[in-house]
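Visitor: model the structure of this input:
(chains A and B)
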Amino acid sequence: MNKANPTNEDTNNHSTEPESLDFVRAIVAKDQQTGKWDHRVHTRFPPEPNGYLHIGHAKSICLNFGIAQQFAGKCNLRFDDTNPIKEEQEYIDSIIEDVKWLGWDWQDRLYYASDYFEQMYQYAVELIKKGLAYVCDLTAEQTRQHRGTLTAPGQKSPYRDRSPEENLDLFQRMRNGEFPDGSRTLKAKIDMAHPNLNLRDPVMYRILHAEHPRTGNDWCIYPMYDWAHGLEDSLENITHSICTLEFENHRPLYDWFIDSINRDRPEQIPHPQQIEFARLNLTYTVMSKRRLLELVQAGQDSNWDDPRLPTDQVSSWDDPRMPTISGMRRRGYSPQSIRNFCQRIGINKFNSTVDFALLEHCVREDLNKTSPRVMAVLNPLKVIITNYPANQTEQLDAVNNPEDPSAGTRQVPFSRELYIERDDFLEDPPKKFFRLAPGREVRLRYAYFITCQEVIKNENGQIIELRCTYDPATRGGDSPDGRKVKATLHWVCANNAIPAEVRLYDHLFNKENPSEVEEGRNFFDNLNPDSLKSLPQCFVEPHLKNAPPLSRFQFERLGYFCTDPDSTADHLIFNRTATLKDTWAKIQKQQKNQQ
RNA sequence: UACCCGAUGGUGUAAUUGGUAACACACGAGUUUUUGGUACUCGCAUUCCAGGUUCAAGUCCUGGUCGGGUAGCCA
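Guide: Below you'll find the predicted structure:
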């Protein structure tokens, strides 16, 4: 960037200039360089199929798949399906769809923890034989009492010193289904006084007579996460096991498990390196699967047969107000915008909360470049062009995307009766209001200059129609005499317009941190009652008649919109993804504050 | 009152590993404009505190302060 010396190093600089690496990538880069893992890079995204993926998962997905891509490595998709009570096939299907939609590819490496159950069982047998694991008959409650507290050491289980032979027999019988749920567990024999509670003889297996989505009734004992997870990574020969901060305290346990398996073992199993990063928090939303599930369940319990959409409740996992990937897809977010967002927020080890405005910026940035422009009127106000021939319709050329010349042009019909946006007319305009007002001339985009001559009201004094004149010489929107107008309005042709329903969305919660609640209240109290506003009687230009579901547009001057999956040619439904930045709204707010 | 982790503008991240705080968002002011959009210009932090090492500290050392995590047969 040295302007005085543009000749030499300047030219090849940007290619060699090292982008700064986040701390995870820095570790991966170093390991790859030193050959720690034989120059391999192999990551994985390991969701539990107990809910839908959200934007926080996208951060992890982009990290894991992104690292694999950047370092010419691989990334597996693996379901961590070790708890059949909470997991469902529906979730598996949605997760596969969402990761794919985000644009990542795991090729043939779709794995399931449940595929490793037999191998895990054998490893457990090895630990029992080494005297490092035992079957314990304590109840859950007793186990808790024996664990001690954060400051006090625990006590040893009375079953801790059973012989390997007895343990082997009992463990086999646990597997055989001879014991009821909760009656016994397999525990690791570590140290009941360890300052890290995770090492106080953690449970490895519990008895659960539950049908598993994949293994059916093959098993009635299921491995605990701590036991299973490190083994899954080891079995897949993962190099870098990237996870979130709350598992930091568990790392010593994973290390213990693998080291213990490897002790005196002729064939050593791989020992991946775990790296923890901070999960994503976003303003005005919640990001835990538990809370998202509560929102969905609350919505399902309510009466959705009511034709009015309940505005303070969410309809489903893919409700456009949800921070789920499926919700954002339905809302109109592009995969690219989500990936850009995940790149911008960075990776760190401390908790932080990203401003929702950054997400919005990322969608706008992407959709500005990619989405075709169309005209739609949300709150119609009829305009009659009194000096325009009554039975005439003409076609006017409109640019599809000023940011992308290759998007070309289309034709929009124009005739005597039009609709404009109600907000674009004020009978008594305040300062800085540039739009239509009595006697004022504005431009109709790609059409003509019009001047408001008369305001028609009903008996209640409400404005129901405007009578305007147009200047035929300004066809297309340019005035040959060079006179200026201060505003350009969008519009639709009344007898060609297509009715549509438009759903406007706002933050799901009206508090930056919805989890922050008064004593005795919960996050439901922070739900934004105005998060959904449905406008059933809008008009869009005829071009949109056959817009397929999930197609994205910019409604000029209004925002980005996406056809809902339920949208049909007979009943068009658009979801607002985001508004355009609105300088006028800002000015209005300022004027209000000054008064 | 235990153990682990962390702390850079309003927000999220950088800083060639000891060399004079950079980028983006947000906010504010302007220019351009057939979207009050986009684009562009300008403004906005002496790096939690206190000592120390050093010619030089956001970076290293010591001690504080504050924040997060951990006591599921959840993940």
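
Visitor: list the contacts for residue A:383?
Guide: Neighbouring residues of residue A:383 by CB atoms under 8 Å, 6 or more residues apart in numbering: A:417-420, A:450, A:465-468, A:491. Just so you know, the C-beta spots here come from the backbone N, C-alpha and C atoms, and that holds for glycine as well.

Visitor: quick check, it in a strand?
Guide: Yes - membership of residue A:383 in a strand is supported by DSSP: H, G, I helix; E, B strand; the rest coil.

Visitor: make a markdown table out of the contacts of residue A:383 and add neighbour count and pLDDT.
Guide: A markdown table is the format used below for the contacts of residue A:383 (neighbours: other CB atoms under 10 Å; pLDDT from 0 to 100):
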| residue | neighbour count | pLDDT |
| --- | --- | --- |
| A:417 | 16 | 98 |
| A:418 | 29 | 98 |
| A:419 | 22 | 98 |
| A:420 | 24 | 98 |
| A:450 | 27 | 98 |
| A:465 | 15 | 98 |
| A:466 | 22 | 98 |
| A:467 | 14 | 98 |
| A:468 | 25 | 98 |
| A:491 | 27 | 98 |
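
Visitor: list just the nearest of the residues you listed to residue A:143.
Guide: Taking CB to CB as the measure, residue A:143 sits nearest to residue A:419 out of the contacts of residue A:383, at 68.9 Å.

Visitor: ok, now which ones touch the residue of the stretch 401-550 of chain A found nearest RNA strand B?
Guide: At 2.1 Å from RNA strand B, residue A:477 is the closest residue in the stretch 401-550 of chain A, using CB to the nearest atom of the strand. By CB under 8 Å, 6+ apart, residue A:477 lies in contact with A:443-449, A:488.

Visitor: tell me which of those residues fall in strands.
Guide: A:443-444, A:449, A:488 (DSSP state E).

Visitor: and the two most separated of the residues you listed?
Guide: A:449 and A:488 (9.8 Å).

Visitor: list buried residues within the contacts of residue A:477.
Guide: Neighbour counting with 16 or more other CB atoms under 10 Å marks A:443-449, A:488 as buried within the contacts of residue A:477.

Visitor: can you narrow the residues you listed to ones near RNA strand B?
Guide: The subset of the buried ones among the contacts of residue A:477 within reach of RNA strand B, by CB under 7 Å from any atom of the strand, is A:443, A:445-446, A:488.

Visitor: quick check, nearest of those residues to residue A:124?
Guide: Nearest to residue A:124 among those is residue A:445, at 70.0 Å by CB to CB.

Visitor: got a list of what the closest one touches?
Guide: Residue A:445 touches A:375, A:398, A:477, A:488-491, A:556, counting by CB under 8 Å, 6+ apart.

Visitor: next step: the residues you listed restricted to strands.
Guide: Among the contacts of residue A:445, the subset assigned to strands under DSSP E consists of A:398, A:488-489, A:491.

Visitor: could you dump those into TSV with distance to residue A:315 added?
Guide: Compiled in TSV, the ones in strands among the contacts of residue A:445 are given as follows (distance: CB to CB, whole Å):
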residue	distance to residue A:315
A:398	35
A:488	37
A:489	34
A:491	33
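
Visitor: please parse chain A into its domains.
Guide: As given by automatic domain parsing, the domain ranges for chain A are A:18-279, A:289-372+A:501-594, A:376-490.

Visitor: pick out the shakiest of the ones you listed, pLDDT-wise.
Guide: When the domains of chain A are compared by mean pLDDT, domain A:289-372+A:501-594 comes last with a mean of 92.

Visitor: so how far is that domain from its chain's centroid?
Guide: Offset of domain A:289-372+A:501-594 from its chain centre (CA atoms, centre = their mean, to the nearest Å): 11 Å.

Visitor: any part of it near RNA strand B?
Guide: Yes - using CB under 7 Å from any atom of the strand, domain A:289-372+A:501-594 comes into contact with RNA strand B via A:344-355, A:357-358, A:360-361, A:364-365, A:368, A:554, A:556-557, A:580-584, A:586-587, A:590.

Visitor: do stretch A:103-116 as well
Guide: No - using CB under 7 Å from any atom of the strand, stretch A:103-116 stays clear of RNA strand B, with a minimum separation of 7.7 Å.

Visitor: if we can go back for a sec, ok, so what distance separates the residue of the stretch 401-550 of chain A closest to RNA strand B from residue A:313?
Guide: 44 Å (CB to CB, to the nearest Å).

Visitor: swap in residue A:293?
Guide: In this view, residue A:293 and residue A:313 are 14 Å apart by CB to CB.

Visitor: helix/strand/coil for the closest residue to residue A:378 other than its chain neighbours?
Guide: Spatially, and ignoring its direct neighbours in sequence, residue A:378 is nearest to residue A:538 (4.9 Å; CB to CB, 6 or more residues apart in numbering). Here residue A:538 is recorded as strand under three-state DSSP.

Visitor: next up, the contacts around residue A:538.
Guide: By CB under 8 Å, 6+ apart, the neighbours of residue A:538 are A:376-380, A:499-502, A:574.

Visitor: please repeat the previous calculation with a cut-off of 10 Å.
Guide: Contact partners of residue A:538, counting by CB atoms under 10 Å, 6 or more residues apart in numbering, are A:376-380, A:419, A:492, A:497-502, A:555, A:572, A:574.

Visitor: which of those count as buried?
Guide: Buried members of the contacts of residue A:538, counted by 16+ other CB under 10 Å: A:376-378, A:380, A:419, A:492, A:497-498, A:500-502, A:555, A:572, A:574.

Visitor: same list (those) but as JSON lines, adding secondary structure and distance to residue A:438.
Guide: Listed next are these as JSON lines, based on DSSP: H, G, I helix; E, B strand; the rest coil; distance: CB to CB, whole Å:
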{"residue": "A:376", "secondary structure": "strand", "distance to residue A:438": "26"}
{"residue": "A:377", "secondary structure": "strand", "distance to residue A:438": "20"}
{"residue": "A:378", "secondary structure": "coil", "distance to residue A:438": "23"}
{"residue": "A:380", "secondary structure": "strand", "distance to residue A:438": "19"}
{"residue": "A:419", "secondary structure": "strand", "distance to residue A:438": "19"}
{"residue": "A:492", "secondary structure": "strand", "distance to residue A:438": "22"}
{"residue": "A:497", "secondary structure": "coil", "distance to residue A:438": "25"}
{"residue": "A:498", "secondary structure": "strand", "distance to residue A:438": "30"}
{"residue": "A:500", "secondary structure": "strand", "distance to residue A:438": "30"}
{"residue": "A:501", "secondary structure": "strand", "distance to residue A:438": "32"}
{"residue": "A:502", "secondary structure": "strand", "distance to residue A:438": "28"}
{"residue": "A:555", "secondary structure": "strand", "distance to residue A:438": "27"}
{"residue": "A:572", "secondary structure": "strand", "distance to residue A:438": "34"}
{"residue": "A:574", "secondary structure": "strand", "distance to residue A:438": "32"}
